[in-house]
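>>> Pasting a predicted model and its sequence here:
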Amino acid sequence: MRHAILTAMLLAAPPVSAEVTVIQNATIYTVTKGTFRGSIVIRDGKIADVGEKVMTPAGARVIDATGKHVIPGIIDAHTHIALDSINESSVSVSSMVNVAEMLNPESISIYQALAGGVTVCNSMHGSANSIGGQNVVFKMRWGADARGLIYDKAKPSIKMALGENPKRQGSPQGLQIPGLSSPQNLRYPGTRLGVEDVIRDAFTRARAYQREWKDYEARKARGEKHLPPRRDLELEPLVEVLEGKRLVHAHCYRADEILMLIRVFDDFNIRGVTFQHVLEGYKVAKEIAERGHYASTFSDWWSYKVEAYDAIPYNAAIMHRKGVLVSLNSDDAGGAELMRRLNTEAAKVVKYGGLSENEALAMITINPARQLAIDQWVGSIEAGKDADLVIYDKHPLSSYARVEKVFIDGRQYFDRDEDLSRRPKFEAEKEGLRKKMTDQQKQAAPQNRRPS
Amino acid sequence: MRTATIACLPVLAAALMAAENNTFLLRNATVHPVSGPAIQNASILVVDGKIAEIGQKVAPKGKVRIVEARGLHVYPGMIDSGSPIGLAEIASVRETVDTGEIGDFNPQLRALIAVNPSSEHIPVVRANGITSVLVTPGATGGGRGASAGSLISGQASLMHLDGWTWEEMEIRRSAAMQMAWPVIQMPRFRGADIEALLPGLAGRRTTFAEARRNQQQQVQKIQDFFDAARRYQKAKASGESIQPDLRYEAMIPVLEGKQPLMIFAAREREIREALDFAARERLKIVLAGVRRPGKALEDIAKRNIPVVLGTTFVSPLEEDDPYDEPFTLPARLHQAGVKFAFASFGVQFARNLPYQAAQAAAFGLPYDEALKSVTLNAAQIWGIDSEYGSIEKGKYADLIVTDGDPLEVRTQVKMMFIKGVPVDLESKHTRLYKMYSARP
């Protein structure tokens, strides 16, 4: 029944697509080019023009947004939504797996995130192992199939994890599941020392593997006949990291482990890593900034485990002031609970640490776009960029703001009024299905059968 | 005589200082009493911790300390109607968690007596304008499955978020009895076969009929416990000589309808069962953790049952629910005429209590009701509204002074008074902020 309803919702919501759309008279938060009252022209999925005074092309669909507020589509650099499987935790290095293969386009969290103004997210492998799997960046194109969701311009990336989570399977107390955890199946590493070793060892092996291939290519170029090295699916993604072709998102909490990983990356000349969670990032903000690494954090999470006990809501503000590029994320898995209110999560950096409203908005738009290396196309309202836009009824950082419309690639994927008007129809349909089910049950019930 | 005088001196000085400390004139603020409309350019005279006068022309008798609040706003301190704060420090470390005692029936347990007054959470939550909390002894959350948590988990206590000891924090030691209505629990797993994952559980798949039977057994257990407690109550009242039993003793105020029974019930079926049970037993109840009341909402309203709502920051219960279902629930309760207050039902995000009320206001709840649901409504539900919950003459001066609407995230709480005494708004978080901002 659930399936039927979801399918119905998918079919019933054909995104509106017009040749040219103009959003008029809104307060526009471009994030990169200031805030002003003006209009946005959308053509062929892109922002064709934006400014205080723009020409409205003849025949354009005009949306009067007087009194409304428009921001770039929100980008969440850390989620696990719409994945049917998140952790391949049996090995310490699972770089060969890719969560894109588990992307479920029917997950309702996509629609919920969309209704909260999120247009792009990075859905990641979990934190069960020191080096996890490959991640997927997708747009909330509700109704598209898995391939259609994936944002193919995003650079590939891999998950890494430090601290308590990857230690868990190496600790006798860590994972108490009957039948699964026993002293026999403890998995290295069980300490932060071991976590460093697993990562250093993996990149050392990757470098050797890279050299093998380079030697082979050199021989081939010289015309020598030689067998190619055996392909290693575990090490290939790590070679891509060494070559700057694949990004790293590293789950971490404590200052010591953040610094440890910075030093490992120094030794392998790996730059532009996004430290995820990074709750004690404020203690080593200088070191993160020095190497040009990034930070994607929570607004105010703390105390749920020991390594989160020194977490403070001023983390983002301190890191930002010390020169780190910071984004705020939801870490949502299952439902899109926090994703859909990242706007008020951003408001918390105004409250805790006194950052400006634009700095706050940047942390959920252009900053995560930079961290995912998609800032050339999304993350701000500029001519030429993808028309990923959110219309709010009030100031986007207000606790009372509500998303009214969301555009992705210029197509309207969410409209609150339409959503509301569809509800009675869905309710009736659901009621019909419910009735059908009870009728079937009645028919199948033995007491209804005539004695033979 | 001489020795006595000297010994008395420090005591006297302390008493004088205390008297001065909770007596002051706060002036030039916009006062939001909650019980009535806002008053511009107003002053509040606080004498011995209580509100003596409010208005635009308040003239203090004699010399009194002045608290200047020009351009600022005064609200009553907010009340969180359910949180294990002080009983749980680090969620994943059992040694730091004192909620969820073993056993089905623990009415004798009192939350307050294990509250750690130096919990780092207390100043953190206070900093966002929350002055008092109903501290709950049960495992956090709503309904109870067949195998986890207590049915009656103990007495919830109202306390101030300030005091050197839990005794000093106390408002009402036994404000409510916490109970969870049994839930029909079916295993719900998606995307993976639980039997393949956990061989230990193979063959333990529950059918609905079994789950329903388990739940009914739990309900029967509750009935049996109440019956036994009633027999104890009667025997005691008749002067019969009986062995004292602390569990049944603790049930007497509940049976007499003097102490509210706070029943956690999320869905229509459990809510109906809880309502019927309460009516049969003639109990005074408060429903908590209501998520999907369905048509039972009319009954809740008709029977004047107050409700404690958990956070609005949750996903819809079902995949095919409207996306804003948790956001509109408070407005639906209000429209039905149900009185409700908000609870964080947690520690980590207790400081976000005002924002969960704001989220409801964004989706249809009138603003004044949102504000009441974290102040006056809570005080009324817990029976302390003659002393707390609004800014009115004669009530205790639990006040917050802000630079704007306290339900807005961007607003700063500038000052706080609990029973008229100024309270520190620094916390572990502000300390670390200062310390690491200064790192060269």
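Looks like it came in fine.

>>> tell me the SS of residue A:42?
When classified by DSSP: H, G, I helix; E, B strand; the rest coil, residue A:42 comes out as strand.

>>> Can you give me the separation between it and residue B:277?
Using Cβ to Cβ, to the nearest Å, one gets 58 Å for the distance from residue A:42 to residue B:277. Just so you know, the C-beta spots here come from the backbone N, C-alpha and C atoms, and that holds for glycine as well.

>>> Find the residue at the geometric middle of the chain.
As the question left the chain open, I've gone with chain A. Residue closest to the mean C-alpha point of chain A, counted by Cα atoms, centre = their mean, is residue A:122 at 2.4 Å.

>>> other chain: chain B
Note on chain B: the residue nearest the mean C-alpha position is residue B:81, at 1.9 Å, using Cα atoms, centre = their mean.

>>> Surely that one and residue B:136 touch.
No. Here residue B:81 does not reach residue B:136: they are 9.3 Å apart, not a contact under Cβ atoms under 8 Å.

>>> hang on, the earlier thing: can you classify the residue nearest to the centre of chain A by secondary structure?
Under three-state DSSP, residue A:122 comes out as strand.

>>> Adjacent strands (with direction) for the helix or strand hosting residue A:28?
Per DSSP states H and E, residue A:28 falls inside strand A:20-29. Next to strand A:20-29 in the sheet, as set by DSSP bridges, lie strand A:35-43 (antiparallel), strand A:61-64 (parallel), strand A:69-72 (parallel).

>>> neighbouring contacts of the first one?
It stands for strand A:35-43. A:19-29, A:47-57, A:60, A:70, A:358, A:381, A:387, A:389, A:407, A:410 (Cβ atoms under 8 Å, 6 or more residues apart in numbering or on different chains).

>>> from those residues, which would you call buried?
Among those, the ones that count as buried by 16 or more other Cβ atoms under 10 Å in any protein chain shown are A:20-29, A:47-50, A:54, A:60, A:70, A:381, A:387, A:389, A:407, A:410.

>>> Show me what the helix or strand containing residue B:43 packs onto, helices and strands only.
Element membership for residue B:43, per DSSP H and E: strand B:39-47. Secondary-structure packing of strand B:39-47 (3 or more Cβ pairs under 8 Å, 6 or more residues apart in numbering or on different chains; DSSP states H and E): strand B:24-31, strand B:50-55.

>>> Quick one, which of these gets closest to chain A.
The closest approach between chain A and any of the helices and strands packed on strand B:39-47, judged by Cβ to the nearest Cβ, belongs to strand B:24-31 at 19.1 Å.

>>> returning to what we had before: looking at the strands paired with strand A:20-29, which one is packed in the most?
strand A:69-72 (a mean of 27; mean count of other Cβ atoms under 10 Å in any protein chain shown).

>>> burial of whichever residue of chain B sits closest to chain A, as a residue count?
Residue nearest to chain A within chain B (Cβ to the nearest Cβ): residue B:315, separated by 2.8 Å. Residue B:315: 21 surrounding residues under other Cβ atoms under 10 Å in any protein chain shown.

>>> Show the pLDDT at it.
Looking at residue B:315, its pLDDT reads 95.

>>> Helix, strand, or coil at the closest residue to it other than its chain neighbours?
Of all residues not flanking residue B:315 in the chain, residue A:335 sits nearest, at 2.8 Å (Cβ to Cβ, 6 or more residues apart in numbering or on different chains). For residue A:335, the assignment made with three-state DSSP gives coil.

>>> which one is residue 307 nearest to, not counting chain neighbours?
All of this is about chain A. Residue A:307 sits nearest to residue A:253 (Cβ to Cβ, 6+ apart), 3.8 Å away.

>>> should've been chain B
That would be residue B:340: by Cβ to Cβ, 6+ apart, it lies 4.2 Å from residue B:307.

>>> which phi and psi does that neighbour have?
Main-chain torsions, residue B:340, degrees, to the nearest 10: phi -140, psi 160.

>>> okay, now it: neighbour count?
Around residue B:340 there are 28 other residues, counting by other Cβ under 10 Å.

>>> now swap in residue B:223 and tell me
13.

>>> swap in residue B:102?
With other Cβ under 10 Å as criterion, residue B:102 counts 7.

>>> Close to chain B: what parts of the stretch 251-400 of chain A are there?
Within reach of chain B by Cβ under 8 Å from any Cβ of the partner chain, the stretch 251-400 of chain A has these residues: A:282-283, A:285-286, A:300-306, A:309-310, A:312-314, A:318, A:321, A:334-338, A:340-341, A:344, A:347-348, A:350-353, A:397-400.

>>> Quick check: PyMOL command selecting the buried ones in those residues.
The following PyMOL line selects those of those that are buried, judged by 16+ other Cβ under 10 Å:
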select buried, chain A and resi 282+283+285+300+301+302+303+304+305+309+310+312+313+314+318+321+335+336+337+338+340+341+344+347+348+350+351+352+353+397+398+399+400
